[in-house]
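Chemist: kindly generate the corresponding structure for this input.
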Amino acid sequence: MTLPTKVTIAVLTDIHAGPGSAISSRRSEIAETLLLRAVMRLNRMIHPDVTVILGDIVDDGTSADSHEWLAAMTAILDKLASPSIVIPGNHDGDVGAFYRVFDRPAEMVDLCGVRFLPFIDSEEPGYNASRSRHDIERFRRARVDHSGPIVALQHVCLAPPGQTDVPYNYTNAEEIIEAMGKSGVALSISGHHHAGAPMVSDETTAYVTAPSLCESPFMFTTVTVEGDRISTTRHQLAMPAELSLVDRHVHTQLAYCSENMDVAKAIELVYDFGLAGIGFSEHSGQLTFPRQDYWQGAWAWTGLDGAQPRDNRIAAYLELKRQYQRDGVTFGIEADVDYEGNLVLEAGLREQFDHVLGAIHRTPSLGTPPPDRDKLEEEFRAVLAQVLACGVDVLAHPFRLFRRAGYEPPEELFAPTAEHLREHGTAMELNYHTNQPPVAFVRLCLERDVKISLGSDAHNLYEVGEFADHLQVLRDAGFDGDLSDILLPRDYRARNG
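Modeler: Numbering: from 1, shown residues only. Purely as a prediction, here's the structure:
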């Protein structure tokens, strides 16, 4: 059959949220972090037309706290930018209770020219399933007034017997598949088997078994339907361990901007997310000034002269460093910069940190909306020169203040900034937190052999080591070599350390 325009379907399945699982490979306890990371990546990079969630959302739907875990998951799924369809799996408990938390889909859901058929089937021994005659008849009814593609959704794996190594299937799979063939069902999508399986096809239907979100490397799938062609792509939340990536810009529970940061939990995620190391970098201004003064920007006018000893929390940050620093775990500082270009950091403290990020968060023009673009550029040039002269190790999120002012970063600044970084031996940070690094600037830095530092700028645990965007911008800038040639090494310490 001929299919209409391109439609991208994202598939999230087998989240297994809970306080912990009897099966250690299931990371139930970090389900909120994993699901939020997946949802945000879908919204930011993939932009699917439809997202389907195929069950086992919780690990134990019979537990006393299962309702709370389901509610936590639906709060995250509500952040999806795309329409979604949610069905339960064999771990999700009572279907009625499940759909008191989630919206129950109709028997037929039409989205983007595709008719989706969500099935909730009977469990059978051996973690298999069976489909009722009434539900099998739904395929015929779905075709009566619909000429476009039909997609079947179920939790338990469905595929032609003998075509996959998946140990689960429907006890009446042949009957289901025959009915699907007669109605020209284009696609069947399942979860349940955590490893997933390669797509297989018969004369009419493609069968997709998507991998789980709960087991490393924490995967989800996108299925693209374009004309007669159906293809799948797997996406993993963990970074490829062989890349030996280090996140040097992670915040702590001491940050005023922290959402749920915790040093101990962030360190645990290093292994989960395939990182070679983690570098905490707390705002110097937030450690030196009270919350209200920091957010109002008083420190930018006064610099360190306006700081009061009673507000200083540097000692608390150094105590975190004492407790948690180890191989692969470093503690640096994100040094705020005042309007004169001076670091908001006492000179004698620098040697106590593993690295110093110089961060231009404010200039006087930003305080007078709408800021004048030419004046903002002039201020940036002056402050940048002073910051680099201070000998910072990394320039944090270059040009972000222009985006926050509502302007695209000025292209005329790209070459001189890259050249200044080269002259001072300062690394350029790739940072996507409320930011979009210009590809042309990244390319200029690569051409000048400016070292790159990867920073998530994590204010929420889901962001730790989330470098999908960072790796993509390097590819967009033309880099396809060995990342160790351009990144700061794992064991990097500040030049003054």
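Chemist: buried set for the top helix by length along the chain?
Modeler: Scanning the chain for the longest helix, with DSSP state H as the assignment, gives helix 373-389. For helix 373-389, burial by neighbour count (16 or more other CB atoms under 10 Å) applies to 376-377, 379-380, 383-384, 386-388. Quick note: C-beta positions are derived from backbone N, CA and C, even for glycine.
Chemist: packing partners of it?
Modeler: Applying 3 or more CB pairs under 8 Å, 6 or more residues apart in numbering; DSSP states H and E, one finds that helix 373-389 contacts strand 394-395, helix 400-404, helix 414-424.
Chemist: picking up where we left off before, right, and the pair among the buried residues of helix 373-389 with maximum separation?
Modeler: Within those, 376 and 388 form the most distant pair, 18.3 Å apart (CB to CB).
Chemist: do you have the helices of the stretch 1-150 of the chain handy? List them.
Modeler: Taking DSSP state H, counting those that start in this stretch to define them, one finds helices in the stretch 1-150 of the chain at 31-41, 66-77, 95-98, 133-144.
Chemist: neighbouring contacts of the shortest one?
Modeler: Residues outside helix 95-98 that contact it (CB atoms under 8 Å, 6 or more residues apart in numbering) are 61, 66-67, 70, 88, 92, 120.
Chemist: and the average pLDDT for that helix is what?
Modeler: Here helix 95-98 scores 96 as its mean pLDDT.
Chemist: how distant is it from the center of its chain?
Modeler: Here the centre of helix 95-98 is set off from its chain's centre by 29 Å, with CA atoms, centre = their mean, to the nearest Å.
Chemist: got any ranges where this protein has weak pLDDT?
Modeler: 1-4, 495-497 (pLDDT under 70).
Chemist: would you mind splitting it into its domains for me?
Modeler: 7-236, 241-485 (automatic domain parsing).
Chemist: end-to-end on stretch 459-467?
Modeler: 15 Å (CA to CA, to the nearest Å).
Chemist: what comes into contact with that stretch?
Modeler: For stretch 459-467, using CB under 8 Å, 6+ apart, the contacting residues are 33-34, 36-37, 40-41, 237, 239, 245, 247, 250-251, 255, 257-262, 265-266, 269-270, 273-275, 278, 433, 454, 456-458.
Chemist: which ChimeraX command selects the buried ones in these?
Modeler: Entered in ChimeraX, the line below selects the buried ones among these, by 16+ other CB under 10 Å:
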select :33,34,36,37,40,41,237,239,245,247,250,251,255,258,261,266,269,270,273,274,275,278,433,454,456,457,458
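Chemist: among the contacts of stretch 459-467, which ones are in helices?
Modeler: Counting by DSSP H, the contacts of stretch 459-467 contribute 33-34, 36-37, 40-41, 265-266, 269-270 to helices.
Chemist: what sits closest to residue 465 if chain neighbours are left out?
Modeler: Distance criterion CB to CB, 6 or more residues apart in numbering; nearest residue to residue 465, sequence neighbours excluded, is residue 273 at 4.2 Å.
Chemist: distance of the one you found from residue 184?
Modeler: For residue 273, the distance to residue 184 equals 42 Å [CB to CB, to the nearest Å].
Chemist: go on, residue 351?
Modeler: 71 Å.
Chemist: likewise for residue 289?
Modeler: 66 Å.
Chemist: look at these two and report which has more neighbours.
Modeler: Taking other CB atoms under 10 Å, residue 289 and residue 184 do not tie; residue 289 has more neighbours (28 against 16).
Chemist: strands of the stretch 301-450 of the chain, residue ranges please.
Modeler: 329-336, 356-359, 394-395, 427-431 (DSSP state E, counting those that start in this stretch).
Chemist: now residue 371, nearest residue through space, not along the chain?
Modeler: Residue 371's closest residue in space is residue 365 (CB to CB, 6+ apart), at 4.1 Å.
Chemist: I figured that neighbour hits residue 377, correct?
Modeler: No. Applying CB atoms under 8 Å, one finds residue 365 not in contact with residue 377, separated by 9.2 Å.
Chemist: what's the burial count for residue 475?
Modeler: 10.
Chemist: what do you get for the one 3 residues further on?
Modeler: Counted by other CB under 10 Å, the residues lying close to residue 478 total 12.
Chemist: just the element for it, please.
Modeler: Using DSSP states H and E, residue 478 sits in no helix or strand.
Chemist: which non-adjacent residue is nearest it?
Modeler: Per CB to CB, 6+ apart, closest to residue 478 is residue 443, 6.2 Å.
Chemist: how close does the one you found get to residue 450?
Modeler: 11 Å.
Chemist: between these two, which one's more packed in?
Modeler: Counted by other CB under 10 Å, residue 443 and residue 450 do not tie: residue 450 has more neighbours, with 23 against 18.
Chemist: ok so, going back, want to throw the helices of the stretch 1-150 of the chain into JSON lines with distance to residue 310?
Modeler: Shown next, in JSON lines, are the helices of the stretch 1-150 of the chain (distance: least, CB to CB, whole Å):
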{"stretch": "helix 31-41", "distance to residue 310": "35"}
{"stretch": "helix 66-77", "distance to residue 310": "38"}
{"stretch": "helix 95-98", "distance to residue 310": "52"}
{"stretch": "helix 133-144", "distance to residue 310": "68"}
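Chemist: out of those, which one sits most buried?
Modeler: helix 31-41 (a mean of 23; mean count of other CB atoms under 10 Å).
Chemist: circling back: dump the domains of the chain to TSV, plus distance to residue 491.
Modeler: Listed next are the domains of the chain as TSV, based on distance: least, CB to CB, whole Å:
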stretch	distance to residue 491
domain 7-236	25
domain 241-485	8
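Chemist: the residue nearest to residue 478 contacts residue 477, doesn't it?
Modeler: Yes. Because the distance of 4.2 Å satisfies CB under 8 Å, residue 443 is recorded as touching residue 477.
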